[in-house]
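Visitor: let me see the structure of the following:
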Amino acid sequence: MDPLFNVTNSSSNWTKSSETNDTNHENQFVQAVWKVALWALAYSIIIIVSVVGNIVVIWIILAHKRMRTVTNYFLVNLAFAEASMSAFNTVINFIYGAHNNWYFGLGYCRFHNFFPIAAVFSSIYSMTAIALDRYMAIIHPLKQRMTATETMVVIGVIWVLALVLAFPQFYYSDLDYFPTRVVCYIDWPVYIEKIYYVLLAVLIYLLPLLVMGCAYLEVGLTLWASEIPGDSSDRYKEQLTAKRKVVKMMIVVVCTFAVCWLPFHVYFFLGHFFPSLLQRTFIQQVYLAIMWLAMSSTMYNPIIYCCLNDRCSVPASSKRSAGARLCPKAPMRVWR
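Guide: Modelled structure (predicted):
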């Protein structure tokens, strides 16, 4: 995300300020080679794990007809958004954050500022849709559930809203040329920038987390308050246990997202309202660390799906089939 809101914008904030004040036009954010190498390794891990893991999740769901449930369609959209952001933005974010020099032209500058916001919006509202779907399934089990067609429409609406929200970052993106480097930044009109970023923080962080928190709180209270009678059938016990496991899995996914993105939002909030902080040389290392944490959110979900699914821990000698022991199938443990 530019990491999302724009990595480039934060970089450009300190870059433009420092460039304006630097009569020699030197780039004081040039790092030692060993630092760049360590950061390159850290960011490479994100890209490999995220792209491979999320593609595996997408393939497993789409390749098996029985996996195509409402929850799993939203998981596919979530995986697609995270894999795309990791593939198209993480490397560029790292290069720009490490060198403080934009090498990729105006077109990609606009895309780089635009796409991460759309991807994060799609990700967080896919999680929100899953939370609301689970809420309806548990709290109002007799009401009509979404069909596959309705689910596709919801996903389409999510992406349309995401693109609309991200468009201002595309429209106002621009390049500044200095003797030693090029800066990709967003040339906001007066008074628009702070309003826009406060709106973003509310729409892609605070509001969806509040909705999901309330939904999962009521779902959790309902599920864990449900005692399993001693004479209950094995099928009832298995269904209740399965529901609890899936809710646990999604709560961990949401909490992971919240933890990874909290420092990012705090950083940009402080940067926009206290811009002098972004003129300190040490802020580059802080920024790279915060950006790494935010971008790393794209790689955790496939790991969570596997680790929180009992199929991953079933020994080979189990009576279950080999197919049931496949860890990547963890996301498919859902109920209708």
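Visitor: strands of this protein, start to end?
Guide: Using DSSP state E, the strands of the chain run over residues 173-177, 182-186.
Visitor: and the first one with strand 182-186, angle?
Guide: Computed by axes from the mean of the first three to the mean of the last three Cα atoms, to 10 degrees, the angle separating strand 173-177 from strand 182-186 equals 150 degrees.
Visitor: now for strand 173-177, which elements pack on it?
Guide: Using 3 or more Cβ pairs under 8 Å, 6 or more residues apart in numbering; DSSP states H and E, the elements in contact with strand 173-177 are helix 7-21, helix 105-139, strand 182-186. The C-beta positions use only the backbone N, C-alpha and C, and glycine is treated the same way.
Visitor: swap in the last one?
Guide: For strand 182-186, the helices and strands in contact under the criterion 3+ Cβ pairs under 8 Å, 6+ apart are helix 7-21, helix 105-139, strand 173-177.
Visitor: and the last one, which residues are buried?
Guide: What it means is strand 173-177. 173, 175, 176 (16 or more other Cβ atoms under 10 Å).
Visitor: that strand pairs with which strands?
Guide: Paired neighbours of strand 173-177 in the sheet (DSSP bridges): strand 182-186 (antiparallel).
Visitor: what about the stretch 151-300 of the chain, any weak spots by pLDDT?
Guide: For the stretch 151-300 of the chain, the stretches flagged by pLDDT under 70 are 226-234, 236, 281.
Visitor: closest one to residue 202 among the helices and strands packed on strand 173-177?
Guide: Evaluated with Cβ to Cβ, the helices and strands packed on strand 173-177 place helix 105-139 nearest to residue 202, the distance being 11.8 Å.
Visitor: also compute the angle for that closest one relative to strand 182-186, please.
Guide: 40 degrees.
Visitor: which other helices and strands contact helix 105-139?
Guide: For helix 105-139, the packing partners by 3+ Cβ pairs under 8 Å, 6+ apart are helix 7-21, helix 70-85, helix 91-99, helix 148-171, strand 173-177, strand 182-186, helix 207-224, helix 234-273.
Visitor: what helices or strands is the second one leaning on?
Guide: Using 3+ Cβ pairs under 8 Å, 6+ apart as the contact test, the elements touching helix 70-85 are helix 33-63, helix 105-139, helix 148-171, helix 283-307.
Visitor: for residue 180, which of the ones you listed is the nearest?
Guide: Nearest to residue 180 among the helices and strands packed on helix 70-85 is helix 283-307 (15.9 Å), distances taken as Cβ to Cβ.
Visitor: just how off-centre is that closest one within its chain?
Guide: How far helix 283-307 lies from its chain's middle: 9 Å, per Cα atoms, centre = their mean, to the nearest Å.
Visitor: buried residues, it. List them.
Guide: Counting neighbours by 16+ other Cβ under 10 Å, one finds that the buried residues in helix 283-307 are 283-284, 287-288, 290-302, 304-306.
Visitor: can you check stretch 45-57 too?
Guide: 46, 47, 49, 50, 51, 53, 54, 56, 57.
Visitor: on that earlier part again, comparing the helices and strands packed on strand 173-177, which yields the minimum mean pLDDT?
Guide: Across those, helix 7-21 has the smallest mean pLDDT, namely a mean of 41.
Visitor: picking that back up, would you reformat the helices and strands packed on helix 105-139 as TSV and include distance to residue 108?
Guide: Shown next, in TSV, are these (distance: least, Cβ to Cβ, whole Å):
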stretch	distance to residue 108
helix 7-21	10
helix 70-85	14
helix 91-99	7
helix 148-171	11
strand 173-177	10
strand 182-186	8
helix 207-224	28
helix 234-273	21
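Visitor: deepest of the ones you listed, which one?
Guide: Of all those, helix 70-85 has the most neighbours on average by mean count of other Cβ atoms under 10 Å, namely a mean of 24.
Visitor: dump it to PDB, restricted to CA.
Guide: Provided in PDB are the C-alpha atoms of helix 70-85 (Å, rounded to 0.1, in the frame of the first residue of the first chain):
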ATOM      1  CA  VAL A  70     -19.700 -18.100  -0.100                       C
ATOM      2  CA  THR A  71     -16.900 -17.800   2.400                       C
ATOM      3  CA  ASN A  72     -14.400 -19.300   0.000                       C
ATOM      4  CA  TYR A  73     -15.300 -17.000  -2.800                       C
ATOM      5  CA  PHE A  74     -14.400 -14.100  -0.500                       C
ATOM      6  CA  LEU A  75     -11.200 -15.900   0.500                       C
ATOM      7  CA  VAL A  76     -10.300 -16.100  -3.200                       C
ATOM      8  CA  ASN A  77     -10.900 -12.300  -3.600                       C
ATOM      9  CA  LEU A  78      -8.800 -11.700  -0.500                       C
ATOM     10  CA  ALA A  79      -6.000 -13.900  -1.800                       C
ATOM     11  CA  PHE A  80      -6.100 -12.300  -5.200                       C
ATOM     12  CA  ALA A  81      -5.900  -8.800  -3.700                       C
ATOM     13  CA  GLU A  82      -3.000  -9.700  -1.400                       C
ATOM     14  CA  ALA A  83      -1.000 -11.600  -4.100                       C
ATOM     15  CA  SER A  84      -1.500  -8.800  -6.600                       C
ATOM     16  CA  MET A  85      -0.300  -6.100  -4.100                       C
END
